[in-house]
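Q: please work out how this folds:
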Amino acid sequence: MRELTIKDVQAAVRGGAVFASGGGGWVDHGLEIGGAAVGIGRPKLVSVDELPDDAIIVTATAIGAPAGNEWEMWGVDYIKAVQLLMDNFDGKVVGIMTPQNGMSSTINGWLPAAALGLVVVDATGDIRAHPTGKMGSMGLASRTDYETIQVVVGGRRDTGSYLELVVKGTPAKTSNILRTASDMSGGFIASARHPIPASYVKEHAAIGGITLALELGYAMIEAEAQGAEAIMDTVCKKTNGRIVGRGKVLKKDVHYSGAFDIGTITMEDGQGGQLTLHVMNEYMAVDDAEGNRLTTYPDVITTFEAATGLPISVGGVQEGMELALFAIDKQFVPLSSSVKDPTVYPEVEKALGIPLAEYGLKGI
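A: Residues are numbered from 1 along each chain as shown. Got it, this is the predicted structure:
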């Protein structure tokens with residue numbers, strides 16, 4: 001067990017931005033919510049092994065499209081979402097985890113944990129960010145024998161878009177309802193879901209996911225004084241990652257649709273060719289000019305702005321910008337049951353119009 005500090009917030013946001021894979025929230029939001037968490041209390045990070053098997057853990061997150069600009073989420077929304085779940089659950093909640101790492105999603109649960117006297121569990125539903133709740137549900141998505149509770153809170157107060165919603169049912173059906181609520185609220189909304197025992201998390205989550213982001217973030221911060229290339233070199237060495245290509249962004253064709261950012265980004269590969277980055281909130285796959293698949297979810301796929309050496313989200317990418325495209329093969333990261341579940345892929349394949357499962361499931 002360790003107390004989380006403002007330095008941990010900064011490291012979590014920096015390292016989480018690599019695992020964000022182009023999505024996973026926003027740096028400013030992560031620093032703001034994380035700062036609030038360590039300002040009102042001392043949230044504690046615990047290993048799942050420190051908890052008894054029957055200790056109940058819930059997932060805290062935000063749902064929507066990172067490039068959207070009509071959303072409004074306050075710190076109290078994250079807290080209220082967890083509180084509403086606790087009010088509707090017949091049992092005692094002990095800890096909070098996040099479904100993914102990201103620019104702000106690594107610290108999703110820190111504020112409600114501090115406010116409600118819960119612990120932050122060092123596990124993630126997926127080591128990297130992903131577009132659908134099913135991809136971070138630790139294998140619950142395809143189960144019809146598990147009744148979950150899912151809650152969303154947030155939205156634009158000035159336009160009357162603020163919502164509070166509590167739903168119960170199978171993870172697959174309730175996840176679709178929450179996505180609709182996110183769209184109606186302005187494109188992003190705070191959420192709490194899936195009360196499950198620690199024994200399930202131990203077996204199905206990506207264990208140590210928060211520590212992985214923290215350690216990477218601290219290494220990146222230490223390398224900053226040496227410049228952009230040093231930061232990217234540090235990330236490659238620390239993660240067993242690689243630079244897939246470097247060059248200018250030639251075209252960005254990404255559009256908001258139903259609480260998702262969907263489309264493609266085309267960039268130079270540094271060797272006279274082109275790379276196509278397939279986007280559904282996050283980078284889900286990369287093809288070369290001949291259509292050969294170079295990397296696919298659940299690989300970590302990240303763009304770095306060459307001038308700064310820092311990760312840049314899909315929303316921040318601009319045509320003409322110099323990028324370095326980075327990837328970590330899935331063999332080098334802990335994989336949860338979510339990414340091994342064939343049922344989570346078809347929805348994203350249909351939206352993007354490309355195959356994913358045949359690549360993503362290979363070898364796992």
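Q: now the residue most central in space within the chain: how far from residue 83?
A: Geometric centre of the chain, nearest residue: residue 129, 3.0 Å, by CA atoms, centre = their mean. Taking CB to CB, to the nearest Å as the measure, residue 129 falls 25 Å from residue 83. For every residue, glycine as well, the C-beta is placed using N, CA and C.
Q: could you do residue 161 as well?
A: 21 Å.
Q: same question, residue 334
A: Per CB to CB, residue 334 is found 30 Å from residue 83.
Q: could you do residue 168 as well?
A: On the measure of CB to CB, residue 168 and residue 83 end up 16 Å apart.
Q: those two: which is more packed in?
A: residue 83 (18 against 12; other CB atoms under 10 Å).
Q: which residues touch the nearest residue to the more buried one once chain neighbours are set aside?
A: Spatial nearest neighbour of residue 83, chain neighbours left out: residue 116 (6.6 Å); criterion: CB to CB, 6 or more residues apart in numbering. Residue 116 makes contacts with 79, 82-83, 86, as judged by CB atoms under 8 Å, 6 or more residues apart in numbering.
Q: same deal with residue 184?
A: 155, 161, 163.
Q: could you give the bridge partners of the residue nearest to residue 270 when sequence neighbours are not counted?
A: Once flanking residues are discounted, residue 270 sits nearest to residue 246: 4.2 Å by CB to CB, 6+ apart. Beta bridges link residue 246 to residue 324 when assigned by DSSP bridges.
Q: need the three-state assignment for residue 307.
A: Following DSSP: H, G, I helix; E, B strand; the rest coil, the label given to residue 307 is coil.
Q: ignore the last one, residue 24
A: From three-state DSSP, the assignment for residue 24 is coil.
Q: residue 315 now?
A: helix.
Q: residues near it, how many?
A: For residue 315, using other CB under 10 Å, the count is 17.
Q: residue 267 versus the residue nearest to residue 270, what's the distance?
A: 9 Å.
Q: ditto for residue 362
A: On the measure of CB to CB, residue 362 and residue 267 end up 25 Å apart.
Q: show the pLDDT at residue 257.
A: Looking at residue 257, its pLDDT reads 82.
Q: what comes up buried for the helix or strand bottoming out on mean pLDDT in the chain?
A: Lowest by mean pLDDT, DSSP states H and E among the helices and strands of the chain is helix 171-185, with a mean of 89. Buried residues in helix 171-185, counted by 16 or more other CB atoms under 10 Å: 171-172, 174-175, 178-179, 181-183, 185.
Q: that older thread, now do the shared contacts for residue 246 and residue 267.
A: 323, 325.
Q: so for these two, which sits in the more crowded spot?
A: Neighbours per residue, other CB under 10 Å: of residue 246 and residue 267, the larger number sits with residue 267, 26 against 19.
Q: that one: which element?
A: strand 260-268 (DSSP states H and E).
Q: compute the inter-axis angle for that strand and helix 171-185.
A: 80 degrees (axes from the mean of the first three to the mean of the last three CA atoms, to 10 degrees).
Q: next secondary structure after strand 260-268?
A: strand 274-280.
Q: list the helices and strands that following strand packs on?
A: strand 242-257, strand 260-268, strand 282-288, helix 346-352 (3 or more CB pairs under 8 Å, 6 or more residues apart in numbering; DSSP states H and E).
Q: of the ones you listed, flag the one that's most buried.
A: Neighbour counts (mean count of other CB atoms under 10 Å) averaged over each of these peak at strand 282-288, with a mean of 24.
Q: residues in contact with residue 24?
A: By CB under 8 Å, 6+ apart, the neighbours of residue 24 are 16-17, 66, 100-106, 128-129, 282, 313.
Q: same check, this time on residue 124
A: 97-101, 136, 205-206, 209-210, 336.
Q: can you give me the pLDDT of it?
A: 98.
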